[in-house]
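Peer 1: Fold the following, please.
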Amino acid sequence: MSLFSPPHPMRHLLCALTVGIVCQQACAAEPQGMLETLHRHKFLSSTITDNGDENPYAVVVVPHDMGALEQNDVLVDNFNNISNLQGTGTSIVRYRPGTGNTRLFAQLPQHLAQCPGGVGLTTAMAILNSGWVIVGSAPSTDGTTATKGDGCLLVFDANGKLIETWADKNINDPWGNISWQEQGNQATLFISMAGFGLPGPDVLDPTTRLPVIKHQATVLRLNLDIPNGKPPVITHETVIGDHYAQRADRDNFLFGPTGTALGKDDTLYVTDGLENAIYAIDHASTRSAAQGTGRLLTENGLLAWPLAMLMTPQQHLIVLNGKNGQAVEVDAASGKQIYAHWLNTDQAQSPPGNGDLFGAALTPDGTGLYYVEDDINALAIGAAK
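Peer 2: This next block holds a predicted model:
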């Protein structure tokens, strides 16, 4: 047959069938969420500061130019000092995506009189449109909860200067990532508190021979007023979730509710690592009191000690696992666990990536993920391309 002979009619049929099969496969392969689209992971920067602080925890993205910060800068804080003692990190670094440059944004003294117990910066961090950076402290002097203080919330201006310190009976080791919403000169923050009644790691349950579990952790809502040109002021404090599990841990400082994420329908989602579950608190911004942990959204399955959590534009939850290097995507409406994606595959841990993940934030376009890798003290990114 000549190379230029007209095709046999059967070939048209075979071609059409092939195209149909490919189309069906493509349709079936459509990603169900964001994690399935992350095909590239990249090391961005070390987070170790000149004073040796390490163990990066919180990650937030700057919404617009303010003070020493530029739009899309990434802030990361450190929980450990140069001796690798937990609850002793005092520094925040700023990574600039446009240049790849990382520099110190803020640093505090280890002992701060107005913060009970001193300074140990946690995953609790928020940056408001008005330029205020709010960070939690869960301090220790020996790296364990045996010497922990109640801690505080620290308010910095956009140049990294400490302006205010908040400490009271409702604030005890601000621990998990902060969710927040803003409207004009007002803001609402949601923060988990994991230090109430928490003993040291050597206080063991006689049955399990593990550190004692207390169900005293809370989620606190702070309503803020932000006068023009002045620091935010707390106008109301409301505990909207309580009885979450918490316990001391020598390797991880403590286990407690770590992730929070606020949905468009005013539902606040909370991770409870010890229960290996995610709970939902309805009417989070308006409710006047707590009704326990909230309703159970999902548990077990792909979750493995769920830590920090965030909400995607399509109202899916991205949850970082503490017991392996995976992130898990969950449909917030149904509770269906959709997909697990490896962010950290460090084979030095078992399972791979165990204990390496903590804080995370969406990239400004909502298609990628900034996250920290504690094993190499680094900021990384997961992106589609």
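
Peer 1: switch to C-alpha atoms for all contacts and neighbour counts from now on
Peer 2: Will do.

Peer 1: Residue 343 contacts residue 325, doesn't it?
Peer 2: Yes - Residue 343 is in contact with residue 325 according to CA atoms under 8 Å; the separation is 5.6 Å.

Peer 1: which residues of the stretch 1-150 of the chain fall in helices?
Peer 2: Here the stretch 1-150 of the chain has its helices, by DSSP state H, counting those that start in this stretch, at 9-28.

Peer 1: Any regions of it where pLDDT drops low?
Peer 2: 1-29 (pLDDT under 70).

Peer 1: Give me the helices and strands touching the helix or strand where residue 259 lies, please.
Peer 2: For residue 259, the enclosing helix or strand under DSSP states H and E is strand 257-262. Applying 3 or more CA pairs under 8 Å, 6 or more residues apart in numbering; DSSP states H and E, one finds that strand 257-262 contacts strand 179-183, strand 186-193, strand 233-249, strand 268-272, strand 306-311.

Peer 1: Just say which of those is most tucked in.
Peer 2: The highest mean neighbour count among these, using mean count of other CA atoms under 10 Å, belongs to strand 306-311: a mean of 30.

Peer 1: quick one on the thing from earlier: what's the closest of the helices and strands packed on strand 257-262 to residue 50?
Peer 2: In terms of CA to CA, the element of the helices and strands packed on strand 257-262 nearest to residue 50 is strand 306-311, at 26.6 Å.

Peer 1: And for the closest one, what's in contact with it?
Peer 2: Contacts to strand 306-311, defined as CA atoms under 8 Å, 6 or more residues apart in numbering, come from residues 123, 176-177, 257-263, 271-273, 276-277, 317-322, 358-362.

Peer 1: what angle separates that strand from strand 257-262?
Peer 2: With axes from the mean of the first three to the mean of the last three CA atoms, to 10 degrees as the basis, strand 306-311 and strand 257-262 are set at 10 degrees to each other.

Peer 1: In the stretch 201-350 of the chain, mark out all the strands, start to finish.
Peer 2: For the stretch 201-350 of the chain, the strands defined by DSSP state E, counting those that start in this stretch cover 213-225, 233-249, 253-255, 257-262, 268-272, 277-281, 295-299, 306-311, 316-321, 326-331, 337-342.

Peer 1: can you redo those as CSV with distance to residue 91 and mean pLDDT?
Peer 2: Below are those laid out as CSV (distance: least, CA to CA, whole Å; pLDDT from 0 to 100):
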stretch, distance to residue 91, mean pLDDT
strand 213-225, 24, 98
strand 233-249, 23, 97
strand 253-255, 18, 96
strand 257-262, 20, 98
strand 268-272, 26, 98
strand 277-281, 30, 98
strand 295-299, 34, 98
strand 306-311, 20, 97
strand 316-321, 23, 98
strand 326-331, 26, 98
strand 337-342, 28, 97
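
Peer 1: Redo the ones you listed as CSV? Include distance to residue 162.
Peer 2: Output for the strands of the stretch 201-350 of the chain, formatted as CSV (distance: least, CA to CA, whole Å):
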stretch, distance to residue 162
strand 213-225, 18
strand 233-249, 15
strand 253-255, 25
strand 257-262, 24
strand 268-272, 29
strand 277-281, 32
strand 295-299, 38
strand 306-311, 25
strand 316-321, 30
strand 326-331, 33
strand 337-342, 37
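
Peer 1: Tell me which of these sits nearest to residue 39.
Peer 2: strand 337-342 (10.0 Å).

Peer 1: and that closest one, what does it pack onto?
Peer 2: Judged by 3+ CA pairs under 8 Å, 6+ apart, strand 337-342 is in contact with strand 326-331.

Peer 1: partners of the strand it packs on, with directions?
Peer 2: Here strand 326-331 is paired, per DSSP bridges, with strand 316-321 (antiparallel), strand 337-342 (antiparallel).

Peer 1: Tell me how far that strand lies from the chain's centre.
Peer 2: 13 Å (CA atoms, centre = their mean, to the nearest Å).

Peer 1: now do stretch 204-212
Peer 2: 29 Å.

Peer 1: and that stretch, which residues are buried?
Peer 2: By neighbour count with 16 or more other CA atoms under 10 Å, stretch 204-212 contains the buried residues 211, 212.

Peer 1: Just the CA trace of it, in PDB.
Peer 2: Extracted in PDB, the C-alpha atoms of stretch 204-212 (Å, rounded to 0.1, in the frame of the first residue of the first chain):
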ATOM      1  CA  LEU A 204       2.700   8.800  83.500                       C
ATOM      2  CA  ASP A 205      -0.600   7.100  83.300                       C
ATOM      3  CA  PRO A 206      -0.300   3.900  85.400                       C
ATOM      4  CA  THR A 207      -2.200   1.900  82.800                       C
ATOM      5  CA  THR A 208      -0.700   3.000  79.600                       C
ATOM      6  CA  ARG A 209       2.700   4.000  81.000                       C
ATOM      7  CA  LEU A 210       2.500   7.100  78.700                       C
ATOM      8  CA  PRO A 211       2.300  10.700  79.800                       C
ATOM      9  CA  VAL A 212      -1.100  11.500  81.300                       C
END
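
Peer 1: quick check: mean pLDDT across that stretch?
Peer 2: For stretch 204-212, the mean per-residue pLDDT is 94.

Peer 1: Excluding its own residues, what touches it? List them.
Peer 2: Outside stretch 204-212, the residues touching it (CA under 8 Å, 6+ apart) are 199, 200, 201, 202, 203, 213, 247, 248, 249.

Peer 1: so who does the first one touch?
Peer 2: Which is residue 199. 145, 146, 212, 247, 248.

Peer 1: Go through those residues and say which is closest to residue 160.
Peer 2: Closest approach to residue 160 among the contacts of residue 199 (CA to CA): residue 145, at 27.9 Å.
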